[in-house]
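1. this one's structure only:
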């Protein structure tokens, strides 16, 4: 991943996120990736777009770079790639200060809420989620 324009969202470490080793369990990072992506969608979309569309994940890849502990302040940064039909790639970088603690690439698929079927990502949504 490289420097990029991104959407930023704070991430909270909860006591229940800590595992037997005293740091955040790896499964929690996946929740954070989802939370950051969802925050981006909610911040940029309209209620009518949210009613008409739903997103599903087709694939997650996560690279863990550094441990996270209770009390750490994190920020998630996200940006999306070019839409290809009903799909696009989304990247999420989780930071503790200037340190990248994890990076993820997720393939998302847009669904039509009424039919539940994949739907080509309209230019309107692609433009909403694209960052300058």
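-> Yep, that arrived. Nothing here was measured: the structure is a model prediction, and the numbers come from that model.

2. Output the longest helix belonging to this protein.
-> helix 26-44 (DSSP state H).

3. counting contacts, what elements does that one pack onto?
-> strand 7-11, strand 53-64, strand 74-80, strand 87-96, strand 99-112, helix 123-129 (3 or more C-beta pairs under 8 Å, 6 or more residues apart in numbering; DSSP states H and E). (C-beta placed from N, C-alpha, C; glycine too.)

4. by contact count, what packs against the first one?
-> This points to strand 7-11. With contacts taken as 3+ C-beta pairs under 8 Å, 6+ apart, strand 7-11 sits against helix 26-44, strand 74-80.

5. Could you pull up the mean pLDDT of that strand?
-> Strand 7-11 carries an average pLDDT of 97.

6. ditto for the third one
-> With pLDDT averaged residue by residue, strand 74-80 scores 97.

7. swap in the longest one?
-> In this model, strand 99-112 has a mean pLDDT of 98.
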